[in-house]
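> pasting the structure only:
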């Protein structure tokens with residue numbers, strides 16, 4: 001049995017509360033204290049997923065799961081084998097929370113209420129004897145021999161055997177960690193939509209495509225996925241994935257760059273031209289008006305705009321098009337160019353790439369390699385993920401492992 005310890009956990013969010021439960025259940029004799037600077041616990045959990053809380057994602061193969069983490073994919077492969085998405089679902093269902101897997105494999109509580117998750121966490125934290133301290137902002141951390149001295153804004157000073165930092169993207173806490181010798185990777189926005197001013201997108205808001213290929217050649221980024229046209233530009237899972245993987249480069253260029261959209265990624269560029277050129281002589285197509293008959297699943301409004309951009313006359317049938325015009329239209333469909341001039345936050349979410357340098361953390365225990373007895377969980381690390389429950393999964397995984405490790409003697 002683990003020897004009893006006096007443990008401080010900084011941060012009352014998902015990672016902080018979950019790690020507290022893990023530690024308290026693993027070592028009932030230990031004293032587990034959670035310090036939260038605000039007046040509320042699990043605030044972000046309560047508003048996440050539009051108030052429904054996207055708990056995790058139904059991806060049960062760690063090798064596939066890590067592909068959704070632009071930063072941290074190598075480091076989290078081992079941890080996901082120990083506590084992955086299936087383990088998260090089992091943890092909550094064992095504690096009375098009914099979960100459901102939606103068509104896109106996102107996992108939510110059957111209640112569709114994030115309060116179900118919040119209430120479960122707080123209930124089991126209380127049962128395990130976790131002690132919460134609200135309005136306790138941490139001012140500084142001082143390590144003296146084997147003891148951590150925590151100084152709070154209130155003037156209180158407390159000593160602990162071990163400390164777990166689960167404060168998320170807190171610049172103040174990152175500064176304290178730098179004083180202790182840790183390197184902090186500067187945070188930059190991740191998971192955002194692209195602001196584009198282009199006449200082709202005017203009055204197109206709300207139009208979606210189930211699959212496009214989005215490419216930023218100069219940055220070396222390419223993704224495929226659904227796309228949504230908005231009032232301010234381009235969004236949707238495909239764009240969000242591109243923004244996440246290209247977060248640091250896009251920040252360096254001030255979010256101003258050129259993006260290429262292939263509206264028909266299922267066909268290669270040359271194959272698409274041959275298909276379109278064949279319509280000129282195909283009896284079933286040659287007398288059809290090009291602009292009025294959309295193809296490849298492209299909504300008619302968008303199809304008309306792309307036809308106009310390729311300078312296809314409104315009255316033209318397929319048989320009226322010359323080969324050069326068909327080539328121009330093929331190029332438009334396979335490589336539409338747009339200029340991105342800024343970014344917008346995705347819904348209410350604000351995700352950043354940055355945090356504690358991953359090389360300075362032991363991912364078997366989530367203990368600092370620089371300061372023995374100091375542990376990390378959640379977004380305080382330089383780890384971030386795509387939308388769909390993956391960021392929460394990183395929080396649950398790191399918190400569960402860190403929570404058990406922090407009360408373990410070995």
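Arrived safely, thanks for sending. Note that the coordinates shown come from a computational prediction; the quantities given were computed from them, not determined experimentally.
> so, low pLDDT: which residues of the chain?
Per-residue confidence of the chain (counting by pLDDT under 70) places the weak regions at 1-2, 346-350, 409-410.
> quick check: longest helix of it.
As assigned by DSSP state H, the longest helix anywhere in the chain is helix 390-406.
> please name every helix or strand in contact with it.
Using 3 or more C-beta pairs under 8 Å, 6 or more residues apart in numbering; DSSP states H and E, the elements in contact with helix 390-406 are helix 14-26, strand 56-57, helix 77-82, helix 85-94, strand 162-165, strand 367-368, strand 374-376. All C-beta atoms are positioned from the backbone trio N, CA, C, and that covers glycine.
> show me where the stretch 251-400 of the chain has helices.
269-279, 300-309, 323-334, 390-406 (DSSP state H, counting those that start in this stretch).
> most tightly surrounded among those helices?
Here the criterion is mean neighbour count by mean count of other C-beta atoms under 10 Å, and of the helices of the stretch 251-400 of the chain the winner is helix 390-406, at a mean of 27.
> re the thing from before, format the helices of the stretch 251-400 of the chain as a markdown table; extra columns: distance to residue 343.
Formatted as a markdown table, the helices of the stretch 251-400 of the chain follow (distance: least, C-beta to C-beta, whole Å):
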| stretch | distance to residue 343 |
| --- | --- |
| helix 269-279 | 29 |
| helix 300-309 | 23 |
| helix 323-334 | 26 |
| helix 390-406 | 18 |
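> out of those helices, nearest to residue 225?
helix 390-406 (14.2 Å; C-beta to C-beta).
> what about stretch 236-251, how long is it end to end?
Terminal residues of stretch 236-251 are spaced 20 Å apart (C-alpha to C-alpha, to the nearest Å).
> what are the buried residues along it?
Residues of stretch 236-251 classed as buried: 236-248, 250-251 (neighbour count, 16 or more other C-beta atoms under 10 Å).
> would you mind measuring from the closest residue to residue 128 other than its chain neighbours to residue 100?
Of all residues not flanking residue 128 in the chain, residue 24 sits nearest, at 3.5 Å (C-beta to C-beta, 6 or more residues apart in numbering). According to C-beta to C-beta, to the nearest Å, residue 24 stands 29 Å off from residue 100.
> compare these two (neighbour count), which wins?
Using other C-beta atoms under 10 Å as the criterion, residue 24 and residue 100 rank with residue 24 on top: 25 against 13.
> doesn't residue 125 make contact with that one?
Yes. Under the criterion of C-beta atoms under 8 Å, residue 24 makes contact with residue 125 at 7.3 Å.
> give me the residues contacting stretch 137-150.
Applying C-beta atoms under 8 Å, 6 or more residues apart in numbering, the set of residues contacting stretch 137-150 from outside is 8, 10, 35, 37, 151-153, 157-163, 167, 172-173, 176-177, 179-180, 371, 373-374.
> just the buried residues of these.
Applying 16+ other C-beta under 10 Å to the contacts of stretch 137-150 flags 8, 10, 35, 37, 152, 160-163, 167, 173, 176-177, 371, 373-374 as buried.
> residue 109: which of the residues you listed is nearest?
The shortest approach to residue 109 among those belongs to residue 167, at 25.7 Å (C-beta to C-beta).
> the residue most distant from the middle of the protein, which is it?
The centre of the chain is farthest from one residue, residue 283, which by C-alpha atoms, centre = their mean lies 48.8 Å away.
> contact partners for that one?
Residue 283 is in contact with no residue at all, counting by C-beta under 8 Å, 6+ apart.
> next: residue 108.
49, 52-55, 99-100, 102.
> want to throw the residues you listed into CSV with distance to residue 92?
Listed next are the contacts of residue 108 as CSV, based on distance: C-beta to C-beta, whole Å:
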residue, distance to residue 92
49, 14
52, 14
53, 10
54, 13
55, 7
99, 6
100, 12
102, 16
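> okay, and which of the contacts of stretch 137-150 map to strands?
Counted as lying in strands by DSSP state E, out of these, are 8, 10, 35, 151-152, 157-160, 162-163, 374.
> show me the strands in the stretch 101-250 of the chain, by range?
Assigned strands in the stretch 101-250 of the chain, in chain order: 106-109, 131-133, 138-144, 147-152, 157-160, 162-165, 184-190, 192-196, 208-216, 221-229, 233-235 (criterion: DSSP state E, counting those that start in this stretch).
> which of the ones you listed is buried the deepest?
Of all these, strand 162-165 has the most neighbours on average by mean count of other C-beta under 10 Å, namely a mean of 27.
> what comes into contact with that strand?
Residues contacting strand 162-165 (C-beta under 8 Å, 6+ apart): 5-11, 16, 19, 23, 141, 148, 150, 173, 177, 373-377, 380, 402-403, 406.
> that strand: partners in the sheet, and parallel or antiparallel?
Neighbouring strands of strand 162-165 in its sheet, by DSSP bridges, are strand 6-10 (parallel), strand 374-376 (parallel).
> quick one: the ones you listed as CSV, columns for distance to residue 86 too.
Shown next, in CSV, are these (distance: least, C-beta to C-beta, whole Å):
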stretch, distance to residue 86
strand 6-10, 25
strand 374-376, 24
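> the ones you listed: which one's closest to residue 367?
Comparing the strands paired with strand 162-165 against residue 367 with C-beta to C-beta, the closest turns out to be strand 374-376 (5.2 Å).
> ok now that closest one, how far from the chain's centre?
22 Å (C-alpha atoms, centre = their mean, to the nearest Å).
> stretch 18-33 now?
On C-alpha atoms, centre = their mean, the centre of stretch 18-33 falls 28 Å from that of its chain.
> start to end distance for that stretch?
By C-alpha to C-alpha, one end of stretch 18-33 lies 12 Å from the other end.
> quick one on the thing from earlier: any idea which of the strands of the stretch 101-250 of the chain gets closest to residue 279?
Closest approach to residue 279 among the strands of the stretch 101-250 of the chain is made by strand 208-216 (21.0 Å; C-beta to C-beta).
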